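**Student:** No sequence on hand, only this structure:
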């Protein structure tokens with residue numbers, strides 16, 4: 001259930017924002033409360049990718065899924 005909700009938030013809340021900037025996000029894995037994502041396109045090489053992961057993706061997942069989630073970027 002948690003996996004489906006995380007994927008839904010990524011697909012409908014986060015991806016449209018990143019795609020508008022030429023990027024994308026892909027769910028790589030979930031390990032307990034750690035959500036591992038890969039940033040694609042312009043986001044993959046952007047110097048602000050760490051900020052994007054922590055303050056956009058993680059904040060939205062904490063708000064809409066579970067407050068204890070953490071998000072980490074992994075190489076694609």
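**Tutor:** Thanks, I have the structure now. Since the model is a prediction, treat every value here as computed from it, not as a measurement.
**Student:** and the longest helix along the chain, what other elements does it pack with?
**Tutor:** Using DSSP state H to define each element, the chain has its longest helix at helix 2-9. Secondary-structure packing of helix 2-9 (3 or more Cβ pairs under 8 Å, 6 or more residues apart in numbering; DSSP states H and E): strand 23-31, helix 59-64. C-beta: built from backbone N, CA, C; applies to glycine.
**Student:** Tell me which of these lies nearest to residue 41.
**Tutor:** strand 23-31 (4.3 Å; Cβ to Cβ).
**Student:** Give me the pLDDT for the closest residue in space to residue 9 that isn't next to it in sequence.
**Tutor:** Nearest non-adjacent residue to residue 9, counting by Cβ to Cβ, 6 or more residues apart in numbering: residue 64, 5.1 Å away. With respect to pLDDT, residue 64 scores 97.
**Student:** Please verify my assumption that residue 64 contacts residue 7.
**Tutor:** No. Assessed by Cβ atoms under 8 Å, residue 64 is found out of contact with residue 7, at 11.9 Å.
**Student:** more crowded one of the two?
**Tutor:** residue 64 (15 against 12; other Cβ atoms under 10 Å).
**Student:** Residue nearest the middle of the chain, spatially speaking?
**Tutor:** residue 57 (4.3 Å; Cα atoms, centre = their mean).
**Student:** Contacts made by the lowest-mean-pLDDT helix or strand in the chain with the rest, please.
**Tutor:** Within the chain, judged by mean pLDDT, DSSP states H and E, the helix or strand with the poorest mean is helix 49-51; its value is a mean of 73. Contact with helix 49-51 is made by 39, 43, 73, as judged by Cβ atoms under 8 Å, 6 or more residues apart in numbering.
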